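In: how would this look folded up:
(chains A and B)
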Amino acid sequence: MTAPNPVTIDPPVERSLGRRVASWLYSRPRTQLRLLLAWPLGWMTAAYFGSLLILLLGAFWTKDSLTGKVIPFSWSLDAFGNLFGAEVYRTVAFRTIGIAVLVTLTAALLAFPIAYYMARIASPRTRRLLVVAVVMPLWAAYLVKIFAWRTILQGNGVLEWVLSPFGFESSGLVELVNSWLVLTYLWLPYMILPVFAGLERIPNSLLEASADLGGRAGVTFRRVVLPLVFPALVAGSIFTFSLSLGDYIVPDLVSDTKFIGNIIYDNSTLGNVPLAAAYALLPIVVVIGYLLVARRLGAFESL
Amino acid sequence: MTESAWVRIGVRVMAVITLGFLYLPLVILAVHAFNPSRYLAWPPTGFTLHWFADAASNPGLHKAIINSLIAGVGATVLALILGTLAAMAIQRFRFFGRDTISFLLVLPIALPGVVTGIALQTTFRTAGISLGLATIIVGHATFCVVIVYNNVIARLRRLPRSSEEASADLGADTFLTFRLITLPAMRTALLAGALLAFALSFDEVIVTTFTAGPGTQTIPMWILGSLQRPQELPVVNVVAFLLILVSVIPVYFAQRIGGEAIGITR
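Out: The predicted structure follows:
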């Protein structure tokens, strides 16, 4: 130890711009949040919520009775007067909501057994295969599936071929039943998947406990399984209900009936924006109401 | 196990019937692709590859495929950026209105497409923006954002903060940590979200109808338009059959990624 080591001093670190921005941001979490949110919220507001607002306003625009042209930003309640004045709009609304409820109930009834089988009876290998089998039709195109049903239901299709030996005829692409059938088919996987996930989450011990306490299978099902899987059923119903409620292509392509969506579509293509917009408020209110109820029931955690 | 033998058999039979219901229309469609009947009469009376040749030489279809690809890629890129930013903000910060934002992001897929469609169309028309491929991308991106958002936020919830904190302790700044830790951890979630967003855009017809100007067609619009012309039925059927075959690709990738791409389960 003759000479002490000279004290070395690090040369000052050259701090890059990115590094300086990062350390500036580090102490300002609110700024970080604003920077993160600005883009998605700005986009959604400009492109989507702004448009919804314009649509909302559009319900109160005036339609010139002589030329039939819509004058933007000139206010009137004519569209609502027309809506409440004509019986047909009420009939269509009840028909659409009725079918949406019916599709939801049918999908739930069909989904439950297969979801139960997947979650609690099938072997892990079969379960994995079944999940793929249920997901597959979900990825097949929407119009492709409707098209497939059209070829089945049409006059010279598979249905006619099956029915004709019994002396029945296919009614072709006319009846409302067709819409119920095809909508159920389209949205069924959206019901199966959450219900399957919900059933899979129920621990076996709960069912055993119920049996130990003397609960028969029916009681266990009603008082243990059903309450636990209910939020998942509601989660699935969000899809089956709101997708059926807004559809206008299915009733147009497989039935000869009008849904809410058809009235909106027809009026907007005819240039009657106020009436289309006013009628569109109905599905908007119904779906938002449904979502709020579903959220209260805990369905969002099961999505 | 609490189910009796009868319940197990009953459930199994119901499961098989439901599965049959899901697949029967797709099988019939596949058979029709080779059906020589111009009106797709059942049962088929022969075998032909004629309609495949017709589909291959359909010029409207070619343009529609290219438009669909451009719209899908555009909407997916926008959705990836916006969805990831939103997910990071919602997952990493606690602030007033947080629940409202996550609720609002769901609206574009929950509200009927026809509502979104005329809302966008009315706005574009009022603002004097001409409709075309760009407006289709804007329309698709609105409902694709939530898909990416859902996938990314689910991943972020499971990503422990400790690895990011360790990275910071070792001297990495926010951006370096994001690049080396957060982004690699989110990679499969982003891929799954992108896959789903693209598929959704590729399949969408209602919002597209309202936001496409005259002359711009995507594949679903081409199918819808061709349904009005009965003589094109077999060609539409062939395209439908090919689309089903193509839809196997994302399912395969989703399984490889780990089954998260379903987007609505857990």
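In: all helices of chain B, in order?
Out: Assigned by DSSP state H, the helices in chain B fall at B:5-32, B:50-56, B:59-92, B:98-110, B:113-127, B:133-158, B:161-169, B:174-177, B:183-203, B:206-211, B:219-226, B:233-246, B:248-257.
In: in contact with the closest residue to chain B within chain A, which residues?
Out: Chain B sits closest to A:G246 of chain A, with a gap of 2.1 Å, by C-beta to the nearest C-beta. (C-beta placed from N, C-alpha, C; glycine too.) Applying C-beta atoms under 8 Å, 6 or more residues apart in numbering or on different chains, we find A:G246 in contact with A:260-261, A:283, A:287, B:111-115.
In: from those residues, which would you call buried?
Out: Buried members of the contacts of A:G246, scored by 16 or more other C-beta atoms under 10 Å in any protein chain shown, are A:260-261, A:283, A:287, B:111-115.
In: same list (those) but as JSON lines, adding distance to A:A148 and pLDDT.
Out: Formatted as JSON lines, the buried ones among the contacts of A:G246 follow (distance: C-beta to C-beta, whole Å; pLDDT from 0 to 100):
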{"residue": "A:I260", "distance to A:A148": "25", "pLDDT": "93"}
{"residue": "A:G261", "distance to A:A148": "21", "pLDDT": "93"}
{"residue": "A:P283", "distance to A:A148": "27", "pLDDT": "92"}
{"residue": "A:V287", "distance to A:A148": "27", "pLDDT": "91"}
{"residue": "B:L111", "distance to A:A148": "27", "pLDDT": "87"}
{"residue": "B:P112", "distance to A:A148": "23", "pLDDT": "87"}
{"residue": "B:G113", "distance to A:A148": "21", "pLDDT": "89"}
{"residue": "B:V114", "distance to A:A148": "23", "pLDDT": "90"}
{"residue": "B:V115", "distance to A:A148": "27", "pLDDT": "90"}
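In: so B:A212 is in contact with B:T218, correct?
Out: Yes - judged on C-beta atoms under 8 Å, B:A212 makes contact with B:T218 at a distance of 7.1 Å.
In: identify the contacts common to those two.
Out: Listed contacts common to B:A212 and B:T218 are B:I136; contacts here mean C-beta under 8 Å, 6+ apart.
In: which residues of chain A fall in strands?
Out: A:61-63, A:70-75 (DSSP state E).
In: give me whichever of those is most buried.
Out: Across those, the average number of neighbours (mean count of other C-beta atoms under 10 Å in any protein chain shown) peaks for strand A:61-63, which reaches a mean of 19.
In: ok, that strand near chain B or not?
Out: No - counting by C-beta under 8 Å from any C-beta of the partner chain, chain B has no neighbours in strand A:61-63; the shortest distance is 9.4 Å.
In: mind giving me the packing neighbours of that strand?
Out: Secondary-structure packing of strand A:61-63 (3 or more C-beta pairs under 8 Å, 6 or more residues apart in numbering or on different chains; DSSP states H and E): strand A:70-75, helix A:78-85, helix A:273-296.
In: can you tell me the strand partners of it and which way each runs?
Out: strand A:70-75 (antiparallel) (DSSP bridges).
In: and the contacts of the strand it pairs with?
Out: Contacts of strand A:70-75 (C-beta under 8 Å, 6+ apart): A:57-58, A:60-64, A:271-274, B:126.
In: residues in contact with A:V224?
Out: Counting by C-beta under 8 Å, 6+ apart, A:V224 has contacts A:202, A:206-207, A:210, A:215.
In: so how far is B:P214 from the closest residue to A:Y117 other than its chain neighbours?
Out: What sits nearest to A:Y117 in space, not counting adjacent residues and going by C-beta to C-beta, 6 or more residues apart in numbering or on different chains, is B:A15, at 4.0 Å. B:A15 sits 47 Å away from B:P214, going by C-beta to C-beta, to the nearest Å.
In: what of A:G85?
Out: For A:G85, the distance to B:P214 equals 34 Å [C-beta to C-beta].
In: what about A:S242, how many neighbours?
Out: The number of residues packed near A:S242 is 24, by other C-beta atoms under 10 Å in any protein chain shown.
In: surely it is in contact with A:Y290?
Out: Yes - between A:S242 and A:Y290 there is a contact under C-beta under 8 Å: 6.5 Å.
In: wait, what's in contact with the closest residue to B:I206 other than its chain neighbours?
Out: On the basis of C-beta to C-beta, 6+ apart, the spatially nearest residue to B:I206 that is not a chain neighbour turns out to be B:G113, at 3.4 Å. Counting by C-beta under 8 Å, 6+ apart, B:G113 makes contact with A:246, B:204, B:206-207.
In: ditto for A:L143
Out: For A:L143, the contact set (C-beta under 8 Å, 6+ apart) comprises A:249, B:203, B:205, B:220, B:223-224, B:240.
In: from A:W187, how far out is it?
Out: 15 Å.
In: for the stretch 151-266 of chain B, which residue gets nearest to chain A?
Out: B:D173 (3.4 Å).
In: can I get the buried part of the contacts of strand A:70-75 as one ChimeraX selection?
Out: To isolate the buried members of those in ChimeraX, using 16+ other C-beta under 10 Å:
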select /A:57,58,60,61,62,63,272,273,274 /B:126
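In: could you dump the contacts of strand A:70-75 to JSON lines with distance to A:V254 and pLDDT?
Out: Output for the contacts of strand A:70-75, formatted as JSON lines (distance: C-beta to C-beta, whole Å; pLDDT from 0 to 100):
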{"residue": "A:L57", "distance to A:V254": "35", "pLDDT": "88"}
{"residue": "A:G58", "distance to A:V254": "30", "pLDDT": "84"}
{"residue": "A:F60", "distance to A:V254": "35", "pLDDT": "85"}
{"residue": "A:W61", "distance to A:V254": "34", "pLDDT": "81"}
{"residue": "A:T62", "distance to A:V254": "37", "pLDDT": "79"}
{"residue": "A:K63", "distance to A:V254": "32", "pLDDT": "76"}
{"residue": "A:D64", "distance to A:V254": "37", "pLDDT": "73"}
{"residue": "A:G271", "distance to A:V254": "28", "pLDDT": "81"}
{"residue": "A:N272", "distance to A:V254": "26", "pLDDT": "84"}
{"residue": "A:V273", "distance to A:V254": "28", "pLDDT": "84"}
{"residue": "A:P274", "distance to A:V254": "30", "pLDDT": "88"}
{"residue": "B:T126", "distance to A:V254": "34", "pLDDT": "85"}
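In: adding distance to A:R95, write the contacts of strand A:70-75 out as a markdown table.
Out: Shown next, in a markdown table, are these (distance: C-beta to C-beta, whole Å):
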| residue | distance to A:R95 |
| --- | --- |
| A:L57 | 28 |
| A:G58 | 25 |
| A:F60 | 26 |
| A:W61 | 27 |
| A:T62 | 30 |
| A:K63 | 26 |
| A:D64 | 31 |
| A:G271 | 25 |
| A:N272 | 21 |
| A:V273 | 24 |
| A:P274 | 23 |
| B:T126 | 32 |
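In: still on that earlier bit, which among the contacts of A:V224 end up buried?
Out: A:207, A:210, A:215.
In: residues in contact with the second one?
Out: A:S210 makes contacts with A:219-220, A:223-224, B:2, as judged by C-beta under 8 Å, 6+ apart.
In: could you pull out the helices for the stretch 1-150 of chain A?
Out: Assigned by DSSP state H, counting those that start in this stretch, the stretch 1-150 of chain A shows helices spanning A:17-26, A:29-43, A:50-58, A:78-85, A:87-116, A:124-139, A:142-153.
In: now the angle from the fourth one to helix A:87-116?
Out: Same thing as helix A:78-85. Going by axes from the mean of the first three to the mean of the last three C-alpha atoms, to 10 degrees, helix A:78-85 is angled at 80 degrees with respect to helix A:87-116.
In: in helix A:78-85, what's buried?
Out: A:78-80, A:82-83.
In: same question, stretch B:51-62
Out: Those would be B:51-52, B:55, B:58, B:61, for stretch B:51-62 by 16+ other C-beta under 10 Å.
In: make sure A:A140 is actually in contact with B:L26.
Out: Yes - with contact taken as C-beta under 8 Å, A:A140 and B:L26 are classed as touching, separated by 6.5 Å.
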